[in-house]
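1. sequence? don't have it. structure:
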């Protein structure tokens, strides 16, 4: 990140430049007017990672400035949530005089929430022992007078969890509160306020839908849990085991009764759906019982693979969220043969960077 770019007064101009660039890339697809969802200009990131610099008795966080190509001291970080900034100050003051906790500490990761919970991961270039656990437990007790905090210690082939390895986020979506378990080192939306806007947009796109919904790459159920209200049933797939476990927790805590999540890659699910292969992991799920005319995809940066791309073309409605508009545009080269863009949105998850997330609602062209 270029630290000099992090100027809230310049954010509107930077946002407009992103909007123009994205609209230009997709103009060849006859996209409708771009719906733009801005971020807060400061304290928008719910997670952040910092290297730790040791300088005699001093100890501080640092980040790499891409513009200067140098490591810079970072006592406070404008993109990070207020909760992370408060914890940064409190934690470093605790670590400085503590030789056990600071010895060969090289990185600190923070995962915070709008709900007020925060998870702190301390990463070391040494093996951790009982003395470390004792000191870490005492640290948590002291910090708990001010924060809803959990602490994790990591070293090579070691992981010590003092109590919990997750936080529970609460997102407000159209006036309704949704709870999401977010596990350390698992994917979560970094910009919680923009994540709320993404959910509201997806709900609006699928309002008055008929039939069932199929979701690929569902993660911890972030979208499928909110979207379930717009469909009779929802079937969602996810490959990462921790994400599937979080999704099951989130389904239960949000009392969603029409959503099933299966642990399966998009490629394997394509084979199962077309009858190419049988999978025991489907259990008693009868794929033929689902009447899905809408599919939701939020793939990795590489976009949809060819088999999945072929499969999604069979659906009347495709809701596609992309963290990489370049691969979304590549996928649209094929999808635009059968579908047209009905809605087009930009979500600025990452202010002061070139990164942007895009969303399209595709409807099947008349035959």
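-> All right, it came through fine. For clarity, every value in this text was computed on a predicted model and none was experimentally measured.
2. Could you give the secondary structure assignment for residue 255?
-> coil (DSSP: H, G, I helix; E, B strand; the rest coil).
3. Please report how far it lies from residue 122.
-> To residue 122, residue 255 is 36 Å away according to Cβ to Cβ, to the nearest Å. Glycine gets a C-beta too; all of them are placed from N, C-alpha and C.
4. Also residue 12?
-> Distance, residue 12 to residue 122, by Cβ to Cβ: 38 Å.
5. between these two, which one's more packed in?
-> Between residue 12 and residue 122, counted using other Cβ atoms under 10 Å, residue 122 has the larger neighbour count: 24 against 11.
6. Excluding sequence neighbours, find me the nearest residue to the more buried one.
-> Leaving aside its chain neighbours, residue 122 sits nearest to residue 153 (5.2 Å; criterion: Cβ to Cβ, 6 or more residues apart in numbering).
7. Just list whatever residues bridge to that neighbour.
-> Judged by DSSP bridges, the bridge partners of residue 153 are residue 122, residue 160.
8. per-residue pLDDT, it?
-> Note on residue 153: pLDDT of 98.
9. right, and it touches residue 140 too?
-> No. In this structure residue 153 lies outside contact range of residue 140 using Cβ atoms under 8 Å: 10.9 Å.
10. Between these two, tell me which one has more neighbours.
-> Shown here are residue 153 and residue 140; by other Cβ under 10 Å, residue 153 has more neighbours (21 against 16).
11. For the more buried one, which residues are in contact?
-> Residues in contact with residue 153 (Cβ atoms under 8 Å, 6 or more residues apart in numbering) are 121, 122, 124, 128, 132, 133, 136, 159, 160.
12. Just the buried subset of those, please.
-> Among these, those that count as buried by neighbour count (16 or more other Cβ atoms under 10 Å) are 121, 122, 124, 128, 132, 136, 160.
13. OK, contacts around the last one?
-> With Cβ under 8 Å, 6+ apart as the criterion, the residues that contact residue 160 are 128, 132, 133, 136, 152, 153, 154.
14. May I see the residues you listed arranged in a markdown table, with distance to residue 191 as well?
-> Listed next are the contacts of residue 160 as a markdown table, based on distance: Cβ to Cβ, whole Å:
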| residue | distance to residue 191 |
| --- | --- |
| 128 | 32 |
| 132 | 33 |
| 133 | 34 |
| 136 | 29 |
| 152 | 23 |
| 153 | 28 |
| 154 | 25 |
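15. which of those residues sit farthest apart?
-> 133 and 154 (12.9 Å; Cβ to Cβ).
16. Show me what the helix or strand harbouring residue 26 is packed against.
-> Using DSSP states H and E, residue 26 maps to helix 11-26. Counting contacts by 3 or more Cβ pairs under 8 Å, 6 or more residues apart in numbering; DSSP states H and E, helix 11-26 is packed against helix 325-335, strand 339-347.
17. Okay, angle between it and helix 325-335 too, please.
-> 30 degrees (axes from the mean of the first three to the mean of the last three Cα atoms, to 10 degrees).
18. The next helix or strand after helix 11-26 pairs with which strands?
-> Heading C-terminal from helix 11-26, the first helix or strand you meet, by DSSP H and E, is strand 35-37. Paired neighbours of strand 35-37 in the sheet (DSSP bridges): strand 339-347 (parallel).
19. List the buried residues of the partner strand.
-> For strand 339-347, by 16+ other Cβ under 10 Å, it's 339, 340, 341, 343, 344, 345, 346, 347.
20. and what of stretch 54-64?
-> With burial defined by 16+ other Cβ under 10 Å, the residues of stretch 54-64 counted as buried are 59, 60, 61, 63.
21. hang on, the earlier thing: from the buried residues of strand 339-347, pick the one nearest residue 241.
-> When the buried residues of strand 339-347 are ranked by distance to residue 241 (Cβ to Cβ), residue 347 comes first, at 27.5 Å.
22. is it true that that closest one touches residue 194?
-> Yes. If you go by Cβ under 8 Å, residue 347 and residue 194 touch, sitting 5.3 Å apart.
23. okay, and the common contacts of these two?
-> residue 37.
24. tell me which element residue 110 falls in.
-> Secondary structure from DSSP H and E places residue 110 in strand 105-112.
25. Parallel or antiparallel, which strands does that strand pair with?
-> When DSSP bridges is applied, strand 105-112 pairs with strand 47-55 (antiparallel), strand 117-124 (antiparallel).
26. average pLDDT for the shortest one?
-> Okay, so that is strand 117-124. Averaging pLDDT along strand 117-124 yields 98.
27. for stretch 182-192, same thing?
-> Taken as a whole, stretch 182-192 has an average pLDDT of 91.
28. now swap in stretch 208-218 and tell me
-> The model assigns stretch 208-218 a mean pLDDT of 93.
29. Around residue 263, how many other residues sit close by?
-> 16.
30. ok, and the closest non-adjacent residue to it?
-> Spatial nearest neighbour of residue 263, chain neighbours left out: residue 244 (4.6 Å); criterion: Cβ to Cβ, 6+ apart.
31. can you give me the helices in this protein?
-> Applying DSSP state H to the chain gives helices spanning 11-26, 82-95, 99-102, 130-143, 192-205, 222-227, 241-253, 266-274, 306-312, 325-335.
32. which secondary structure elements does the lowest-mean-pLDDT helix or strand in the chain contact?
-> Within the chain, judged by mean pLDDT, DSSP states H and E, the helix or strand with the poorest mean is helix 266-274; its value is a mean of 76. Identification of packing neighbours for helix 266-274 by 3+ Cβ pairs under 8 Å, 6+ apart yields helix 306-312.
33. Please state the offset of the helix it packs on from the chain centre?
-> 23 Å (Cα atoms, centre = their mean, to the nearest Å).
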